[in-house]
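S.K.: Predicted structure and sequence below. I'll ask about it afterward.
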Amino acid sequence: MDLDLQQKVAIVTGASQGIGRAIALRLSAEGARVVLVARSAEKLAAVAAECVGETLVLAMDLRDVNAPAQLIDAVLAQFGQLDILVNNAGATQRGDFLALSDADWQDGFDLKFYAAMRCSRAAWPYLQARRGVIINIAGLGGRTGSAEFTIGGAVNAALLNLTKSLADRGVSDGIRVNAINPGSIQTARLQKRIATLAHAECIDFDAAAQKMAKQQGTARFGLPEEIANVAAFLASPAAAYCHGAIWDVDGGQTRTL
């Protein structure tokens, strides 16, 4: 299926690995010119080498309050337009609520929530000119609370609310805004959690993975490419009537309305 993304300009934050990498590669395969953003220039260069079309690599820390505006300026200087913004950057600290510090909370909000807000704000006039798209990558923790994921749950819930609020503005400004809630996806972070469980219970990695998936009520873990497929659809004209939607892509783990 041709998603009609040829020559569109798409920013993907957190593009150096995991879900962000998969989204960047998928958009590139669809013909988009992709702007790869993360902190590691080396990892971004490796992703750029896998892309099939034109790319722009920008190694920056989006926790810096000035970085989002600098990002948009660099994109416009290179391409003169912006069509798609995928806010994917950000990982939050898991752990005992009573042991998590103010710094842990601040870091979680700085990179995942405030960076997405600032990138959206800086990009908004240029997306409006192109009738563009914003896709926020949140997480199912924003819909279902968990004792060990208090920071991530709070950050994701805030990002989902921001999605709805920006979608409300986007109706009049011509910008489509949606969010994806990934479940447990096979990334390096998940593999680390599985390895921790395997060590704690003296079982092998595969057995720990099966046990964790069963505990979550899913048949298996997802693949980054499965999130990328949904993101590519939402970025495309095929999703023209999808607006302000929260897409749970979690293998059925979220059972609430």
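M.R.: Perfect, I can see it now. Numbers count the residues shown, from 1 in each chain.

S.K.: Using PDB, write out every CA atom in the helix ranked longest in the chain.
M.R.: In the chain, with assignment by DSSP state H, the single longest helix is helix 150-173. Taking C-alpha atoms only, helix 150-173 is exported to PDB below (Å, rounded to 0.1, in the frame of the first residue of the first chain):
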ATOM      1  CA  THR A 150       4.700   6.100  38.800                       C
ATOM      2  CA  ILE A 151       6.800   8.500  36.800                       C
ATOM      3  CA  GLY A 152       6.200   6.900  33.500                       C
ATOM      4  CA  GLY A 153       2.500   6.700  34.100                       C
ATOM      5  CA  ALA A 154       2.200  10.300  35.100                       C
ATOM      6  CA  VAL A 155       4.300  11.500  32.200                       C
ATOM      7  CA  ASN A 156       2.400   9.400  29.700                       C
ATOM      8  CA  ALA A 157      -1.000  10.500  31.100                       C
ATOM      9  CA  ALA A 158       0.100  14.200  30.700                       C
ATOM     10  CA  LEU A 159       1.300  13.500  27.100                       C
ATOM     11  CA  LEU A 160      -2.100  11.900  26.300                       C
ATOM     12  CA  ASN A 161      -3.900  14.900  27.600                       C
ATOM     13  CA  LEU A 162      -1.600  17.200  25.600                       C
ATOM     14  CA  THR A 163      -2.500  15.100  22.500                       C
ATOM     15  CA  LYS A 164      -6.200  15.700  23.000                       C
ATOM     16  CA  SER A 165      -5.700  19.400  23.700                       C
ATOM     17  CA  LEU A 166      -3.500  19.900  20.600                       C
ATOM     18  CA  ALA A 167      -6.000  18.000  18.600                       C
ATOM     19  CA  ASP A 168      -8.700  20.400  19.700                       C
ATOM     20  CA  ARG A 169      -6.600  23.300  18.500                       C
ATOM     21  CA  GLY A 170      -5.600  21.300  15.400                       C
ATOM     22  CA  VAL A 171      -9.200  21.200  14.100                       C
ATOM     23  CA  SER A 172      -9.200  24.900  13.300                       C
ATOM     24  CA  ASP A 173      -5.500  25.000  12.400                       C
END
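
S.K.: name the helices or strands packed onto that helix?
M.R.: helix 102-108, helix 115-130, strand 133-137, strand 176-182 (3 or more C-beta pairs under 8 Å, 6 or more residues apart in numbering; DSSP states H and E). C-beta: built from backbone N, CA, C; applies to glycine.

S.K.: any residues touching the last one, and which ones?
M.R.: With C-beta atoms under 8 Å, 6 or more residues apart in numbering as the test, strand 176-182 has contacts from 19, 132-140, 142-143, 156, 159-160, 163, 166-167, 170, 222, 227, 230-231, 234, 239-240, 242-250, 254.

S.K.: for the nearest residue to Gly18 once chain neighbours are set aside, phi and psi?
M.R.: Once flanking residues are discounted, Gly18 sits nearest to Thr187: 3.8 Å by C-beta to C-beta, 6 or more residues apart in numbering. Backbone torsions of Thr187, given as degrees, to the nearest 10, read phi -120, psi 180.
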